[in-house]
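Engineer: this one's sequence-less:
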(Lines give C-alpha, C1' and ligand atoms only; values in the text may rest on other atoms or scores of the structure.)
Protein backbone atom coordinates (compact mmCIF):
# COMPACT_ATOMS: atom_id res chain seq x y z
CA UNK A 1 0.00 0.00 0.00
CA UNK A 2 1.44 3.33 -0.95
CA UNK A 3 1.20 6.62 0.84
CA UNK A 4 -1.50 8.91 -0.36
CA UNK A 5 -1.77 12.17 1.45
CA UNK A 6 -3.78 14.67 -0.46
CA UNK A 7 -3.45 18.42 -0.24
CA UNK A 8 -5.66 20.27 2.16
CA UNK A 9 -9.26 20.52 1.02
CA UNK A 10 -11.63 23.34 1.81
CA UNK A 11 -14.51 22.27 4.01
CA UNK A 12 -16.77 24.99 2.68
CA UNK A 13 -17.77 25.83 6.25
CA UNK A 14 -16.65 29.16 7.73
CA UNK A 15 -16.47 27.64 11.26
CA UNK A 16 -14.39 24.61 10.21
CA UNK A 17 -10.78 24.87 9.04
CA UNK A 18 -9.66 23.13 5.89
CA UNK A 19 -9.09 19.39 6.28
CA UNK A 20 -6.19 17.14 5.36
CA UNK A 21 -6.88 13.73 3.86
CA UNK A 22 -4.63 10.81 4.77
CA UNK A 23 -5.78 7.87 2.68
CA UNK A 24 -2.69 5.71 2.62
CA UNK A 25 -0.79 4.45 5.58
CA UNK A 26 2.87 4.44 4.82
CA UNK A 27 5.38 7.24 4.98
CA UNK A 28 6.36 8.34 1.44
CA UNK A 29 9.90 7.05 1.96
CA UNK A 30 8.63 3.80 3.51
CA UNK A 31 10.50 4.45 6.75
CA UNK A 32 9.00 4.48 10.21
CA UNK A 33 10.05 6.60 13.18
CA UNK A 34 12.43 4.93 15.65
CA UNK A 35 9.78 5.03 18.39
CA UNK A 36 7.04 3.50 16.20
CA UNK A 37 6.86 0.23 18.19
CA UNK A 38 6.21 2.22 21.38
CA UNK A 39 3.74 4.75 19.97
CA UNK A 40 1.90 2.45 17.56
CA UNK A 41 -0.73 1.40 20.18
CA UNK A 42 -1.37 5.07 20.99
CA UNK A 43 -1.72 5.95 17.31
CA UNK A 44 -4.00 2.98 16.75
CA UNK A 45 -6.25 4.05 19.63
CA UNK A 46 -6.35 7.58 18.20
CA UNK A 47 -7.27 6.33 14.73
CA UNK A 48 -10.02 4.09 16.12
CA UNK A 49 -11.41 6.94 18.24
CA UNK A 50 -12.01 9.25 15.28
CA UNK A 51 -15.63 10.04 14.46
CA UNK A 52 -17.10 7.92 11.69
CA UNK A 53 -17.99 10.05 8.68
CA UNK A 54 -19.06 7.27 6.32
CA UNK A 55 -19.01 3.50 6.64
CA UNK A 56 -19.93 0.56 4.47
CA UNK A 57 -21.00 -2.90 5.51
CA UNK A 58 -18.87 -4.21 2.65
CA UNK A 59 -15.27 -5.22 3.19
CA UNK A 60 -12.31 -4.61 0.91
CA UNK A 61 -9.48 -6.89 -0.14
CA UNK A 62 -6.35 -6.97 2.00
CA UNK A 63 -3.53 -5.89 -0.32
CA UNK A 64 -1.09 -8.15 1.50
CA UNK A 65 -3.38 -11.17 1.39
CA UNK A 66 -5.52 -10.77 -1.74
CA UNK A 67 -6.62 -14.41 -1.74
CA UNK A 68 -8.28 -14.10 1.68
CA UNK A 69 -11.93 -13.23 2.11
CA UNK A 70 -12.48 -9.46 1.98
CA UNK A 71 -11.86 -8.18 5.49
CA UNK A 72 -10.67 -4.57 5.27
CA UNK A 73 -13.20 -2.07 6.65
CA UNK A 74 -14.43 0.50 4.17
CA UNK A 75 -15.32 4.02 5.18
CA UNK A 76 -13.81 7.12 6.74
CA UNK A 77 -13.18 8.76 10.12
CA UNK A 78 -12.17 12.27 11.13
CA UNK A 79 -10.68 14.13 14.06
CA UNK A 80 -11.97 17.42 12.69
CA UNK A 81 -8.68 18.27 11.00
CA UNK A 82 -7.80 15.04 9.16
CA UNK A 83 -9.88 12.45 7.33
CA UNK A 84 -8.62 8.87 7.03
CA UNK A 85 -9.89 5.63 5.59
CA UNK A 86 -11.02 2.90 7.99
CA UNK A 87 -8.39 0.79 6.26
CA UNK A 88 -5.63 2.85 7.87
CA UNK A 89 -6.02 1.45 11.40
CA UNK A 90 -6.52 -2.02 9.92
CA UNK A 91 -3.11 -1.92 8.22
CA UNK A 92 -1.47 -0.23 11.24
CA UNK A 93 -2.79 -3.00 13.49
CA UNK A 94 -2.33 -6.01 11.24
CA UNK A 95 0.98 -5.11 9.56
CA UNK A 96 2.48 -2.39 11.75
CA UNK A 97 2.48 0.13 8.91
CA UNK A 98 3.19 3.71 9.83
CA UNK A 99 0.93 6.61 8.89
CA UNK A 100 1.56 9.81 6.95
CA UNK A 101 4.35 11.70 8.81
CA UNK A 102 2.42 14.99 8.86
CA UNK A 103 -0.60 13.25 10.35
CA UNK A 104 1.61 11.50 12.91
CA UNK A 105 3.14 14.85 13.90
CA UNK A 106 -0.33 16.28 14.56
CA UNK A 107 -1.32 13.23 16.61
CA UNK A 108 1.88 13.66 18.64
CA UNK A 109 1.11 17.38 19.09
CA UNK A 110 -2.23 16.34 20.57
CA UNK A 111 -0.45 13.94 22.98
CA UNK A 112 -2.28 11.07 21.24
CA UNK A 113 -5.61 12.32 22.63
CA UNK A 114 -8.29 12.69 19.96
CA UNK A 115 -10.26 15.93 20.14
CA UNK A 116 -14.01 16.12 20.41
CA UNK A 117 -15.48 16.33 16.93
CA UNK A 118 -18.54 18.47 16.39
CA UNK A 119 -21.43 17.57 14.09
CA UNK A 120 -20.39 20.54 11.93
CA UNK A 121 -16.91 19.02 11.51
CA UNK A 122 -18.40 15.63 10.60
CA UNK A 123 -20.65 17.28 8.00
CA UNK A 124 -17.67 19.22 6.64
CA UNK A 125 -15.63 16.01 6.35
CA UNK A 126 -18.52 14.36 4.53
CA UNK A 127 -18.71 17.33 2.14
CA UNK A 128 -14.98 16.99 1.42
CA UNK A 129 -15.41 13.26 0.70
CA UNK A 130 -18.34 13.99 -1.62
CA UNK A 131 -16.21 16.52 -3.48
CA UNK A 132 -13.44 13.95 -3.91
CA UNK A 133 -15.97 11.35 -5.05
CA UNK A 134 -17.36 13.72 -7.68
CA UNK A 135 -13.85 14.51 -8.91
CA UNK A 136 -12.95 10.83 -9.16
CA UNK A 137 -16.06 9.92 -11.11
CA UNK A 138 -15.52 12.49 -13.85
CA UNK A 139 -14.50 10.98 -17.18
CA UNK A 140 -10.73 10.63 -17.38
CA UNK A 141 -10.31 11.23 -13.66
CA UNK A 142 -7.13 9.87 -12.17
CA UNK A 143 -5.98 8.58 -9.80
CA UNK A 144 -8.61 6.12 -8.66
CA UNK A 145 -9.47 5.30 -5.07
CA UNK A 146 -9.03 1.65 -4.11
CA UNK A 147 -11.20 -0.13 -1.51
CA UNK A 148 -8.39 -0.05 1.05
CA UNK A 149 -8.36 3.73 0.91
CA UNK A 150 -5.27 4.35 -1.17
CA UNK A 151 -4.98 5.99 -4.56
CA UNK A 152 -3.80 4.27 -7.74
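Structural biologist: All right, it came through fine. No experiment lies behind these values; they were computed from the predicted model shown.

Engineer: use CA for all of it now, contacts and neighbours both
Structural biologist: Will do.

Engineer: Find the helix or strand that residue 103 is a member of.
Structural biologist: helix 101-109 (DSSP states H and E).

Engineer: repeat for residue 83
Structural biologist: Assigned by DSSP H and E, residue 83 belongs to strand 82-85.

Engineer: Likewise for residue 58?
Structural biologist: Assessed by DSSP H and E, residue 58 sits inside strand 51-60.

Engineer: Could you pull up the mean pLDDT of that strand?
Structural biologist: For strand 51-60, mean pLDDT is 92.

Engineer: now stretch 134-148
Structural biologist: 57.

Engineer: contacting residues around stretch 101-117?
Structural biologist: 22, 27, 42-43, 46, 49-51, 78-80, 82 (Cα atoms under 8 Å, 6 or more residues apart in numbering).

Engineer: just these: which has the poorest pLDDT?
Structural biologist: For these, the pLDDT minimum is residue 27, 58.

Engineer: right, and residue 22 touches residue 98 too?
Structural biologist: No - between residue 22 and residue 98 there is no contact under Cα atoms under 8 Å: 11.7 Å.

Engineer: before we move on, back to that, got a winner among the contacts of stretch 101-117 for most neighbours?
Structural biologist: For the contacts of stretch 101-117, counting by other Cα atoms under 10 Å, the largest number of neighbours falls to residue 78: 30 neighbours.

Engineer: Show me what it bridges to in the sheet.
Structural biologist: residue 51, residue 83 (DSSP bridges).
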